[in-house]
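Peer 1: sequence plus predicted model, see below.
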Amino acid sequence: MSSSQAYELPRWMDLGLLPVLNLGMALAVSALVVAFTGQDPAQALSLLLRGAFGSAMGLSYTLYYATTFVFTGLAVAVAYHAGLFNIGGEGQAMLGGIGTSLVALWLGDHYPAWVVLPAMIVAAMLFGMLWAAVPAVLQAWRGSHVVITTIMFNFLASTLLSYLLVEVLKEPGNMTVESRAFGPAALMPGVHEVLATIGIEWPRSPLNLSVLLAIAAAVVVYFWLWRSTSGYAVRTVGFAPGAAQYAGIRPSRQVIVAMCASGALAGLLGINELAGVQGRLLLDYVVGAGFAGIAVSLIGRNHPVGVVLAALLFGALYQGGAELSFEMPGVSRDMVFTLQGLIVLFCGALGQAAAPTLARAWARWSQAKDAKEAERG
Amino acid sequence: MSAPAVVSTVPASAVAMTRICKRFGALRANDEVDLHVARGSIHGIVGENGAGKSTLMSILYGFYQADSGEIEVEGQPARIRNAHDAIALGIGMVHQHFMLVETFTALDNVLLGAEPNWRLGPARQRVRRELEALMRDTGLQLNLDAVVETLPVGERQRLEILKALYRGARILILDEPTAVLTPAETDTLFVTLRQLRERGSTVLLITHKLKEIAALCDRVTVMRAGRVVLDTRTADTTIDGLAEAMVGRRVQLGRREGAAAPADATPLLSAQNLSWRDDQGVMRLNEVSLALRPGEIVGIAGVSGNGQSELLDVLAGLAAPASGSLQLGDQRFEPSRWLTPARARRLRLAHVPEDRHRRGLVLPFGAWESAVLGYHRLVRYARRGFARRGAMHDDTAKMMADYDVRPRAPGLRSAKFSGGNQQKLVLAREALHQPKVLLVGQPTRGVDIGAIEFIHGRLRAMRDAGGAVLVVSSELDEILALSDRVIVMNAGRIAGELPIDACSESALGCLMAGVQPQ
């Protein structure tokens, strides 16, 4: 009689068919919207796909956006497994960028890249971690809800960044609010530069070696959460705090561990955006990526593999969407946002909506199969 | 229409289900099941977990459709496609887990979904008037303005019954109604149900507590593996007969003599003057002292909520007392540096918690992950911070084989096992590391008879191997069947201690109520 029993799907349906179906529904509704505005949906879709994957340039941009979403998506996923909802990815990413920049401006002109870049990565993680640690400690020791405190810390991060840029780091004589450029040793090599050294020609794009860092982060998160004793403790706290206490695991400690890891991951965004692309600290390099991470994690079912796939989807939407609005003047940038919204709606919020129907169909099918086998036997 | 004598001697049928079949995949949950319930009777349906009794009731209440078979309600053929149809036919259900909005008042809970007026003021007035009449009529008294979350469990259940009656239920289905009740609340419920029977209502009682059947029911249907194996008047059968029909073999649940523990042996655990206050400052444990010697099972009896759970928590290191001390082997603990759960395990004190869903297992974890809970840091399961999944799987397979956990699937999610099998898995985990002292809370709550017999056997085996076992149970039968010595708790104190030979239900009952026996 348990109601959870009724919607049991085989694994391949749950992880394979259902997401594809959801994506299909989102695209179908988007096609209707596009058609409604008098444009050709098939042409729009093909432009979007071609824009995202059709050229080396487009692909590079897609991967560059995806890199950013992997970092913030993983940040949300890690907190989720400790039973926490980290909405502070935005602020933690800003702090990661500040850490990146401080080290870059401090060491970038005097030391070689192999010293400066690792130091920047450590600083990005450390700053993001510290920004997440304060809400974590407040949650663990005083019960202040992280959802509230991390939101507030987003605003604090934003004002801190403005203050630093306006009052401390602003380059004299420059009218825009940004720091001076990083030294050459503080720039993450672009993928086209690396490929050029081994003789492969690749167009110049923002895609940089941070993409490898993102893949490494996903792998580390997987091994940590599912293959290590520490990850076991985190997940136990997330699913069953009572069982954790019973097992001698201190929930408060795991809350702090998970939030620190989460903040560190979000902080890495600073490497991709500042060390990889901008080469200086400026005001709005996060531009909502921290919030997009929530959707990425949700669609990716909070699993590193899912997060990487969802980040690719979002990267493709960003890049393909930009191309689309450029090529088809009838499809505005807002239309692309609508498309993104529909995908979040169908894959994230309504992700399980089709599950009961699928489960019933599956039950009918397997029952019919059983009956047929029974007849034969 | 002039034969009232015939009508009164042949009771009309309330529910007649004929040749009901229901399959879930390959499983035949109901296989040609017949059920006939007389109007104005209390009819028990018993069976182990998975015997098909819940499926049958779900078909009657419209949650599931039968694959084949007929249903008649009060003599009329009925098609019940959903709960709405069932309610229209006068069938009401009281679920094991209550379907109440905790932040609403009792009145609003009855109102919800049956509003007689779109304006809540007049609607409330009318429902209140009708409910008050109903309460006078049935003797089911309740404060209608109390917020549900402040009500004790017994009263919430009364509210569920009132809710069903208000919606016109003449046939009431109760699913394991006593699972959450104290003995006193159970008695009150039984009085209520008998009153309802006097009024002509029909009660269908799903349970696996056979004593309740004997005490309450006019007729009983026993199910096993989707079939009806016995259908008889309660007067014509015995508890042993029902148990045998349920399990399919003879069951021995009574006491079994073991070697008496030497009374002068050094205790493995001894606690002195433990006191503990909750957040509101209420004294939950008051100067409790006890000792556990090797080779004995000590039972803690008492009405739920008299400090037993707190005692378990303090002894297991989950809570530090305000005062008192604990001697565990050669280690001594004071409140300032109290035992921790991790330390307790290292000192070979194991704990089977009362609440296996919230504490004993992590329900979304695979069985193999739940099977190392608390021991996950052992060298056996971890190498340089990494989990040794092979060893975890191997140990889980071994636990499942030793404790007959079904299905034998270490990868299956913990939530998917039945209550009895979950409990066996928890016990197997705690036993695997060969504890000297084992604390067990409610060893067989929500567990069916076959598994109860098995779990009792394992606890006795641990005692016979020289372990000390502390059993906290709200089932007096269980205390009497297992213990060598019984400690009775009342209002946070030890009300008395009796060797098993001096225990009788009446003597223990007096101590539980806080009265010294004569």
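Peer 2: Looks like it arrived, so ask away.

Peer 1: grab the nearest non-local neighbour of the residue of chain B found nearest chain A.
Peer 2: Of all residues in chain B, the one sitting closest to chain A is B:Ala342 (3.3 Å; C-beta to the nearest C-beta). The way it works is simple: take the backbone N, C-alpha and C, and place the C-beta from them, glycine included. Computed as C-beta to C-beta, 6 or more residues apart in numbering or on different chains, the closest residue to B:Ala342 that is not its neighbour in sequence is A:Gly248, at 3.3 Å.

Peer 1: what does the stretch 201-350 of chain B have sitting close to chain A?
Peer 2: B:316-318, B:340-345 (C-beta under 8 Å from any C-beta of the partner chain).

Peer 1: ok, A:Arg11 - contacts?
Peer 2: Going by C-beta atoms under 8 Å, 6 or more residues apart in numbering or on different chains, A:Arg11 touches no other residue.

Peer 1: and it, how far from B:Tyr375?
Peer 2: Applying C-beta to C-beta, to the nearest Å, the value for A:Arg11 to B:Tyr375 is 28 Å.

Peer 1: same thing with B:Gln65?
Peer 2: B:Gln65 is 46 Å from B:Tyr375, where distance means C-beta to C-beta.

Peer 1: so those two - more neighbours on which side?
Peer 2: B:Tyr375 (21 against 12; other C-beta atoms under 10 Å in any protein chain shown).

Peer 1: thinking that one is in contact with B:Ala382, fair?
Peer 2: No. Applying C-beta atoms under 8 Å, one finds B:Tyr375 not in contact with B:Ala382, separated by 9.6 Å.

Peer 1: let's verify the residue of chain B closest to chain A: helix, strand, or coil?
Peer 2: helix (DSSP: H, G, I helix; E, B strand; the rest coil).

Peer 1: model confidence for it, exactly?
Peer 2: At B:Ala342, the pLDDT value in this model is 94.

Peer 1: and for it, the neighbour number?
Peer 2: For B:Ala342, the neighbour count with other C-beta under 10 Å is 16.

Peer 1: the residue lying closest to A:Val166 once chain neighbours are set aside - how many residues pack around it?
Peer 2: What sits nearest to A:Val166 in space, not counting adjacent residues and going by C-beta to C-beta, 6+ apart, is A:Val177, at 6.1 Å. Neighbour count of A:Val177, defined by other C-beta under 10 Å: 16.

Peer 1: A:Val255 and A:His145, how far apart?
Peer 2: The gap separating A:Val255 from A:His145 is 11 Å, by C-beta to C-beta.

Peer 1: so what sits against both of the two?
Peer 2: Joint contacts of A:Val255 and A:His145 (C-beta under 8 Å, 6+ apart) are A:Gln139.

Peer 1: which one of the two has more residues nearby?
Peer 2: Of the pair A:Val255 and A:His145, A:Val255 is the one with more neighbours under other C-beta under 10 Å, namely 25 against 13.

Peer 1: so which bits of the helix or strand containing that one are buried?
Peer 2: Take DSSP states H and E as the rule and A:Val255 turns out to sit in helix A:251-267. Buried positions in helix A:251-267, judged by neighbour count with 16 or more other C-beta atoms under 10 Å in any protein chain shown: A:251, A:254-267.

Peer 1: per-domain residue ranges of chain B.
Peer 2: Here the domain parsing of chain B from automatic domain parsing is B:12-247, B:253-348+B:434-518, B:361-432.

Peer 1: among those, which comes closest to A:Leu169?
Peer 2: Comparison of these against A:Leu169 by C-beta to C-beta identifies domain B:361-432 as nearest, at 39.2 Å.

Peer 1: in chain A, what residue comes closest to chain B?
Peer 2: The nearest approach of chain A to chain B comes at A:Gly248, 3.3 Å away (C-beta to the nearest C-beta).

Peer 1: could you count how many residues lie near A:Ala292?
Peer 2: By other C-beta under 10 Å, 26 other residues sit near A:Ala292.

Peer 1: contacting residues for it?
Peer 2: By C-beta under 8 Å, 6+ apart, the contact set of A:Ala292 is A:69, A:72-73, A:314.

Peer 1: host element of it?
Peer 2: helix A:289-299.

Peer 1: quick one: that helix to chain centroid distance?
Peer 2: Offset of helix A:289-299 from its chain centre (C-alpha atoms, centre = their mean, to the nearest Å): 5 Å.
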